[in-house]
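Q: Below are the sequence and a predicted model for it; my questions follow.
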Amino acid sequence: MIPRPHAAEPAAEPAILLAQVVKRYGAHRALAGVDLQVRRGEKVVICGPSGSGKSTLIRCINALERHDAGRIVVNGIALTNDEGTVQDIRQEVGMVFQHFNLFPHLTALENCMLAPRLNRGLSKAQAEKLAMAHLERVHLADQARKYPARLSGGQQQRVAIARALCMEPRILLFDEPTSALDPEMVKEVLGVIEELAASGVTMICVTHEMGFARRVADRCVFMDRGEIVEEGDAARFFEAPESERLRHFLAQILR
Amino acid sequence: MNALPIDLDLAWESLPALFDGLMVTVFLTALPLIIGLALAFPICFARMSPRRALALPAEIFVVFFRGAPLLILLYLVYYGLGQIEALRNGPFWIVFGSPFGCAIVALSLNHAAYMVEVLRGSLLAVPHGIVEASEALGITRRNIFLWVRMPLALRYGLKAYQNEVVSFVKGTAIVSVVTITDLMAVANSIFEQTYDPFTPILCAAAFYWAFVNLIRVGFTVWGRWLSRHNAEDAPLAIPAGQALQGLAGRAKVTP
Amino acid sequence: MTNLSLADLAGYLRQLGEGALITLELFFASFALAFVLGVLIGVATLSRSRLVRAAWRVYASIFMGVPSLLVIFLIFYGGSAMLAAVLGEFGARIDISPFGAGVAALGIVYSAYVAELVRGAIENLPKGQFEGARALAIPPFIMWGRVILPQVMRLALPGLVNVWSFMLKETPLVSLAGLQDLVAAAKIAAGATKEPFIFFVATALVFIAFSAASLWLANRLEERLDRGQRRAPVRSPAQAEA
Ligand SMILES: Nc1ncnc2c1ncn2[C@@H]1O[C@H](COP(=O)(O)OP(=O)(O)OP(=O)(O)O)[C@@H](O)[C@H]1O
Ligand SMILES: [Mg+2]
């Protein structure tokens, strides 16, 4: 399943390190020099107003967006323009999207099998076994043969999670995994993510689900206008925000 | 003048000749369909390349061979290329020296140009998020093309492809101008022998109609098989802004 | 150009010009016929009657299932006989010219495509349009002319542009029935001057240029129609997921 941080590796090395990361879209700076370190096994929740750069930040970590300046190190691998390095990092990092982005022409099971078969050359039987194990983890073993169009939003998102798990990544990135879901499905998806969190994987999750953040997050990060404005443990973060911007933001989402 | 303008005896007598003509038409359809498709892929990649030096020649190719009437292309290859000394003395004269070779070259180039646009439109119709999800899984670009983009593009573009193939078949009816005895030419020669303006042409029409509708049925079956993953739903939804239906016969897929 | 005197060239150019004019006339006449026939057929076959719908299916299937060239030959060779059958003695004396056969054939073939576009567009209109007009007691003639058809045309425009450019590329087929159009003139010039390459490429470029020019016009027209449709430019909402 999810490999735990190896004891042999130096504990001091962070799972993810971002130093002065800048991302520009034309003249607009989506990330204006972001510093962030995530320890192995740490769960970080990122929140912030729309357009503050949350998606941009986590998409830079697995090179879906290329950063313009600064340093990104993932599991000890420094992210460069080299295609091989990017590929190496992506093997270590799983990502779950707001809109699931499942392969519509493949069944839930085949969705999960594709990457292990192509990237690691697993046989069909091996990949199927692996995929079934992870579908079971997200409580969808009984839906394995269905196509995404036949599944509910919550089920689709859980398949997407299983698909990411099948690459056995040490780091998981979630970009608003529940904001495209109907309210009654939010819980099943958050429940699955919470169970994963207990397994020791490193996690960065962009979400505005505060109950989830309190239960799961070791640390909450607030972003605004491409910068990290404030960070702290969940309880303090929500109860005693220091900056005016975070107070304002919390007041808005709580209203 | 009897009620039916068809002379049944003549029709019966003409059947073998018409059938031979049909076989020529089928051959002149099949070969250019294969060659044209094979040409369309590299040209389409060039056309979609961000590098101007690749994209521009590809675009010129498409504009010329799609914009020029097929009859002119055929004249151009048949009469025009013989002018080129190097070609006449080169090894390719086997192709360009024969009417069949010329017809196949002209038809293939024309089909390739249309298929570049069909392919491009279909590839552009693949939702970007799904490609990103594959990238995030660490699947290589080549594998993403083979296992994600192409299978989806085929589903989005099947209707346009069908329209192109159907109107391509009808377009082959002009090859008699370079002395090839296809179905149309056989019907014409029977007319010239008998001065019956209806029987041979209407019989040829029936053959064309049957051939075209056989192709339509084939595509329908293929499409149904491809969209088995949402058989109860409407056919795979096509992202807005992509006009994939080509009601004017040859589909125009450019968004 | 090796053995082409200036005077010869001028002569051929004049012939090409005359041919181009005939091609243009043929094209406009055929398109007009296809358009009028297509709209009429499209509207007429919307009826709920099974028979009418079946007739439409047969019509569309036939003319979308056979080559235009075949229809051209059919009308060119058999047109007189057909007219004689319909009009009797008087019809038999009408001679079918290549031009007439071409216009009739292309008009009929493409009317099927136009009709399909029109039917699709009408079916995509909001149902309220018809009910609204009926509730206001607007007479059917005015309803169709002022309310329905303008919207149908707007919806069908992209498809009509397709028909337009595709039909243009099929006009040279009529030269095979003997019409002295642009392509026929190019072929004569090519044969006489032994310069086929230049003449055919130039002819192709004329078609491409005309097609490009009309596409450009169509895009302007489409933009204008769209602008009339929208009230205010819609502000794009912030990207949910960039
Ligand atoms: N591909 C792009 N091209 C241009 N600008 C972009 C692009 N992607 C993002 N941006 C801009 O960068 C900024 C940050 O975007 P980002 O998607 O990271 O915000 P976000 O915090 O994830 O917002 P949301 O909560 O709406 O998802 C925004 O101003 C956005 O408009
Ligand atoms: Mg976002």
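A: Sure thing, it's come through. Ligands and ions are numbered 1, 2, ... in the order given.
Q: In contact with residue C:133, which residues?
A: Residues in contact with residue C:133 (C-beta atoms under 8 Å, 6 or more residues apart in numbering or on different chains) are C:143, C:147-148. C-betas here are computed from N, CA, C, even on glycine.
Q: make it 7 Å
A: C:143, C:147 (C-beta atoms under 7 Å, 6 or more residues apart in numbering or on different chains).
Q: how close does it get to residue C:148?
A: Computed as C-beta to C-beta, to the nearest Å, the residue C:133 to residue C:148 distance reads 8 Å.
Q: just the helices in the chain please.
A: Here I'm looking at chain A. Using DSSP state H, the helices of chain A run over residues A:54-61, A:83-92, A:108-120, A:124-137, A:153-165, A:183-197, A:210-216, A:234-239, A:244-254.
Q: think we crossed wires, I meant chain C
A: C:6-44, C:50-65, C:68-87, C:89-92, C:98-124, C:128-135, C:140-142, C:149-170, C:182-193, C:196-229.
Q: okay if I get these as JSON lines plus mean pLDDT?
A: Formatted as JSON lines, those follow (pLDDT from 0 to 100):
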{"stretch": "helix C:6-44", "mean pLDDT": "92"}
{"stretch": "helix C:50-65", "mean pLDDT": "93"}
{"stretch": "helix C:68-87", "mean pLDDT": "88"}
{"stretch": "helix C:89-92", "mean pLDDT": "68"}
{"stretch": "helix C:98-124", "mean pLDDT": "94"}
{"stretch": "helix C:128-135", "mean pLDDT": "74"}
{"stretch": "helix C:140-142", "mean pLDDT": "77"}
{"stretch": "helix C:149-170", "mean pLDDT": "90"}
{"stretch": "helix C:182-193", "mean pLDDT": "91"}
{"stretch": "helix C:196-229", "mean pLDDT": "88"}
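Q: I'd like these as JSON lines, with distance to residue B:59 appended.
A: What follows is these, written out as JSON lines (distance: least, C-beta to C-beta, whole Å):
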{"stretch": "helix C:6-44", "distance to residue B:59": "25"}
{"stretch": "helix C:50-65", "distance to residue B:59": "30"}
{"stretch": "helix C:68-87", "distance to residue B:59": "28"}
{"stretch": "helix C:89-92", "distance to residue B:59": "51"}
{"stretch": "helix C:98-124", "distance to residue B:59": "27"}
{"stretch": "helix C:128-135", "distance to residue B:59": "41"}
{"stretch": "helix C:140-142", "distance to residue B:59": "47"}
{"stretch": "helix C:149-170", "distance to residue B:59": "17"}
{"stretch": "helix C:182-193", "distance to residue B:59": "25"}
{"stretch": "helix C:196-229", "distance to residue B:59": "12"}
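Q: Thought residue A:154 was touching residue A:188, still the case?
A: Yes: using C-beta atoms under 7 Å, residue A:188 makes contact with residue A:154 at a distance of 4.8 Å.
Q: more neighbours, the two?
A: Neighbours were counted for residue A:188 and for residue A:154 using other C-beta atoms under 10 Å in any protein chain shown; residue A:154 has more, 22 against 18.
Q: residues near the residue lying closest to residue C:134 once chain neighbours are set aside, how many?
A: Among residues not flanking residue C:134 along the chain, residue C:143 sits closest, at 7.8 Å (C-beta to C-beta, 6 or more residues apart in numbering or on different chains). Residues lying near residue C:143 (other C-beta under 10 Å) number 18.
Q: Spatially nearest residue to residue 81, not counting backbone neighbours?
A: Went with chain A since none was named. residue A:66 (7.2 Å).
Q: hm, I was asking about chain B
A: residue B:96 (5.1 Å).
Q: With residue C:106 instead?
A: residue C:30 (3.8 Å).
Q: same check, this time on residue C:79
A: residue C:96 (3.7 Å).
Q: who's in contact with residue 167?
A: You didn't pick a chain, so chain A it is. A:91, A:94, A:115-116, A:119, B:137-138.
Q: look at chain C instead
A: By C-beta under 7 Å, 6+ apart, residue C:167 lies in contact with C:30-31, C:34, C:106, C:110.
Q: if I look at it, how far off is residue C:34?
A: 7 Å.
Q: who touches both of these two?
A: Any residue near both residue C:167 and residue C:34 by C-beta under 7 Å, 6+ apart counts here, and that gives C:106, C:110.
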